[in-house]
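K.L.:
Model the structure of this input:
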Amino acid sequence: MHPIPRASALDDLRSRIRRDLETLAYPTPAWVEPVAAPDGTVALDCAVIGAGQYGLTLAAGLRRERVERIEVFDAAEPGREGPWVTFARMSMLRTPKTLTGPDLGLPSLSFRAWWEAQHGAEGWEAMFRIPRTAWMDYLNFYREALDLPVTNGWRLTSLEPVEGGALLRLGFETTAGPRRVFARSCVLATGAAGSGGFSIPDWMAQAVPADRVHHANHAFDPAILRGMRVGVLGAGASGFDTAVAALAAGARSADLCFRRPALPLTNPRRWMENAGYLAHYVDLPDARKWATMHRLLSIGQGPPKPTYDAALATPGFALHPATPWDSIRWTGGEILVEGGGRRFAFDAVIAATGMRVDLAERPEMAAIAAEAALWSDRYAPPPEEANPALGRFPYLDRLGAFTEREVGRALWLSRVLTITRGATLSLGPVSASNSGMKYTAPRLIEGVKRRLFLDQEAATWRDFIGGDHTELAREAVA
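P.N.:
Coordinates of the predicted model:
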C-alpha cells in the first residue's frame, strides 16, 4: 500500500473536520442579538486580541457556541503570531505531545490527527515531543481549515468603555493608519508579556552597547553571535535555549550564570497537569492560590530535561551556579562581568531574566489599569509569603474577567477577559500555556457567552413570554 500524498491526506482531514463539526453542531439556532455601535456599524460580539494558540482556539469555540460576530486581531504578519517562529528557540515543545486543547474535544481537529495525516500512526509513535515549528504549522492549518476571521497587522493601542459601559471602543494602529472597532466583549490573548513585559535590566542596558546586549525573549538572529563569547544571565528554559541556539549559530562559547546555588531539580507544574488540578484550581481559596504561586516562585523552575541534556552535550556550553552578575562594564572591546568570585570576558550578553506582570506597563491597557482590582487590593498574605510582584497580578473572576477595584465604579470590566501570564494567579499556574488550554479556553468562552446572554436577558424574557412557540397544529388537539 502506498502512503497517501500529504496534500490529499490533509484534504481528507479537512473533510473530516467539517463533517465532525456538522455532526456536533447542536444547538444550531443563532441567539446573540445584534447591537448598533455609535458609528452606525454593528458591534462585534467579541474582539479577540492575539491570533496565537489561545486566540484561535477561543474564536473556534465561540463560533461553535453560535457567537458569530467575532474578529481576531494580531499585530504580527500571518504565520508569525506568537513565539513559535519568532523568539522561541527550543527544538520541541516543553509539554507532553498528548496535550489537547485547541481541538475543543474534536479528535479530527487535534495536533495528533494533523500529524498522523502526514506521518501516519508510526510517525506519531516515533515522536518524543512536538517539534516547535510543527506546532506553528498546525496552528496555521487550524486557522485555515476553520476559516477563522483573523485580521493581521493590527496592533491594539487603546481599550475603553463607551455607551455607559455597554460597549468597548478599541483603537488600533495599522499600516493604513489608526482604526477603531466597537465590541460588546473582548478577550486579551496576547501571550506571556501581554500583562506587563520583558526587558533588559537597566543596569545591563546602560553598561553595554545596544548591539552587544539582547533579551532571550526578543526576536533576533543568533547568527549575529557567530565567533563571540556569549554570557547568559538566567537559568530558565529560555536561557538554555538561547545559549544552545547561539552555539549552533557559531558562537565561540556560551556561559550561563545564575544566582541560585544549584538548578531547581523539581517541576511541580508537570504534577499539576491532571484533570482535578487543571479544572479546579480556580475554586481554591485565595490564600491557597497565593501560597501556591509563592511556592512556585520560591523554588524556581529549571529547564526541561531534554533542554538541559542538549545544553550540556553542546561543545562550548558552561554552567555557573551561585554566580550573580555583581558588576558589568564595557571596556571598548569586550564586556567584563564579575560575580560569585568569578570574572568573565564576553563579547555579547543575553538577559534571560523572565517577564514581569504590571498592567501599568501596557499603554493599551491604561483604562483597565486605572480601574481593575489587583491581588494586592483583595488579599493580604502572611508576612512570610509577602511578594510585591504577585500583588501586581490582576484579580480576575473564575471566568477570566477583570474585576473592579471599587465596586460599582467600572462595571464594564466584566466585558474584558484575559489569558496572559497575569491570569495565572487567578486561573492557575499553567492556565496560560497550551497544557492548561483544555480547561481554561472553555471557561473563557463561557465568560464571553455569559456576558452576552445577560446583556439581552430582558429581551430573552419578552421573547419567552410573548413569542410564538407553537409546536402542534390547532387541529391536532381539537
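
K.L.:
alpha carbons only for contacts and neighbour counts from here, please
P.N.:
OK.

K.L.:
what pLDDT does residue 475 get?
P.N.:
What the model reports for residue 475 is a pLDDT of 68.

K.L.:
Residue 385 and residue 376: what is the separation?
P.N.:
13 Å (C-alpha to C-alpha, to the nearest Å).

K.L.:
residues contacting residue 52?
P.N.:
If a contact means C-alpha atoms under 8 Å, 6 or more residues apart in numbering, then residue 52 has 81, 82, 139, 189, 190, 191 as its contacts.

K.L.:
tell me the domain boundaries of this protein?
P.N.:
Per the record, the chain has its domains at 6-191+433-460, 199-263+302-354, by automatic domain parsing.

K.L.:
Export the ones you listed as TSV, with columns for mean pLDDT and distance to residue 403.
P.N.:
Output for the domains of the chain, formatted as TSV (pLDDT from 0 to 100; distance: least, C-alpha to C-alpha, whole Å):
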stretch	mean pLDDT	distance to residue 403
domain 6-191+433-460	96	13
domain 199-263+302-354	95	26
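
K.L.:
Rebuild the ones you listed as JSON lines, extending it with distance to residue 289.
P.N.:
Converted to JSON lines, these look like this (distance: least, C-alpha to C-alpha, whole Å):
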{"stretch": "domain 6-191+433-460", "distance to residue 289": "16"}
{"stretch": "domain 199-263+302-354", "distance to residue 289": "21"}
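
K.L.:
out of the ones you listed, nearest to residue 281?
P.N.:
Residue 281 lies closest, by C-alpha to C-alpha, to one member of those: domain 6-191+433-460, at 10.4 Å.

K.L.:
How are the helices of the stretch 201-350 of the chain distributed by residue range?
P.N.:
All helices of the stretch 201-350 of the chain, identified by DSSP state H, counting those that start in this stretch, fall at 202-205, 237-248, 268-271, 275-280, 286-299, 305-312.

K.L.:
could you say what helices and strands the fourth one packs with?
P.N.:
Identification of packing neighbours for helix 275-280 by 3 or more C-alpha pairs under 8 Å, 6 or more residues apart in numbering; DSSP states H and E yields helix 437-455.

K.L.:
Not counting the helix it packs on itself, show me its contacts.
P.N.:
With C-alpha under 8 Å, 6+ apart as the criterion, helix 437-455 contacts 32, 45-46, 54, 57-58, 61-62, 67, 100-102, 104, 184-186, 278-279, 398-401, 414-415, 417, 427, 431-432.

K.L.:
what does stretch 268-280 give?
P.N.:
Outside stretch 268-280, the residues touching it (C-alpha under 8 Å, 6+ apart) are 296, 428, 429, 430, 431, 435, 436, 439, 440.

K.L.:
Just the pLDDT for residue 472.
P.N.:
88.

K.L.:
What is the burial count for it?
P.N.:
Look at residue 472: counted by other C-alpha atoms under 10 Å, it has 8 neighbours.

K.L.:
and what of residue 354?
P.N.:
As a burial measure, residue 354 scores 20 neighbours (other C-alpha under 10 Å).

K.L.:
just the one 3 residues further on next, same as before
P.N.:
Using other C-alpha under 10 Å, the number of residues around residue 357 comes to 24.

K.L.:
what's near enough to touch it?
P.N.:
Applying C-alpha under 8 Å, 6+ apart to residue 357 gives the contacts 193, 195, 196, 197, 389, 392, 393, 421, 422.

K.L.:
out of those, which are buried?
P.N.:
Buried by 16 or more other C-alpha atoms under 10 Å: 193, 195, 196, 197, 392, 393, 421, 422, out of these.

K.L.:
Show the contacting residues for the third one.
P.N.:
The neighbourhood of residue 196, defined by C-alpha under 8 Å, 6+ apart, consists of 355, 356, 357, 358, 359, 360, 361, 362, 422.

K.L.:
Do I have it right that residue 456 meets residue 34?
P.N.:
No: judged on C-alpha atoms under 8 Å, residue 456 makes no contact with residue 34 at a distance of 10.0 Å.

K.L.:
just the helices of the stretch 201-350 of the chain: most buried one?
P.N.:
Among the helices of the stretch 201-350 of the chain, ranked by average contacts under mean count of other C-alpha atoms under 10 Å, first place goes to helix 237-248 (a mean of 25).

K.L.:
residues near the closest residue to residue 191 other than its chain neighbours, how many?
P.N.:
Once flanking residues are discounted, residue 191 sits nearest to residue 420: 5.2 Å by C-alpha to C-alpha, 6 or more residues apart in numbering. Residue 420 has 22 neighbours, counted by other C-alpha under 10 Å.

K.L.:
Check the spacing between residue 420 and residue 83 real quick.
P.N.:
According to C-alpha to C-alpha, residue 420 and residue 83 sit 13 Å apart.

K.L.:
Helices of the stretch 51-200 of the chain, start to end?
P.N.:
53-64, 111-126, 132-146.

K.L.:
most packed of these?
P.N.:
Highest mean neighbour count among the helices of the stretch 51-200 of the chain (mean count of other C-alpha under 10 Å): helix 53-64, with a mean of 24.

K.L.:
buried subset of the contacts of residue 52?
P.N.:
Taking 16+ other C-alpha under 10 Å as the criterion, what is buried in the contacts of residue 52 is 81, 82, 139, 189, 190, 191.

K.L.:
Show the contacting residues for residue 148.
P.N.:
With contact taken as C-alpha under 8 Å, 6+ apart, residue 148 is in contact with 56, 59, 60.

K.L.:
With distance to residue 218 as new columns, can these be given to me in a markdown table?
P.N.:
What follows is the contacts of residue 148, written out as a markdown table (distance: C-alpha to C-alpha, whole Å):
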| residue | distance to residue 218 |
| --- | --- |
| 56 | 23 |
| 59 | 27 |
| 60 | 29 |
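
K.L.:
Which of the residues you listed sits closest to residue 208?
P.N.:
Minimum distance to residue 208 across the contacts of residue 148 is 39.5 Å, recorded for residue 56 (C-alpha to C-alpha).
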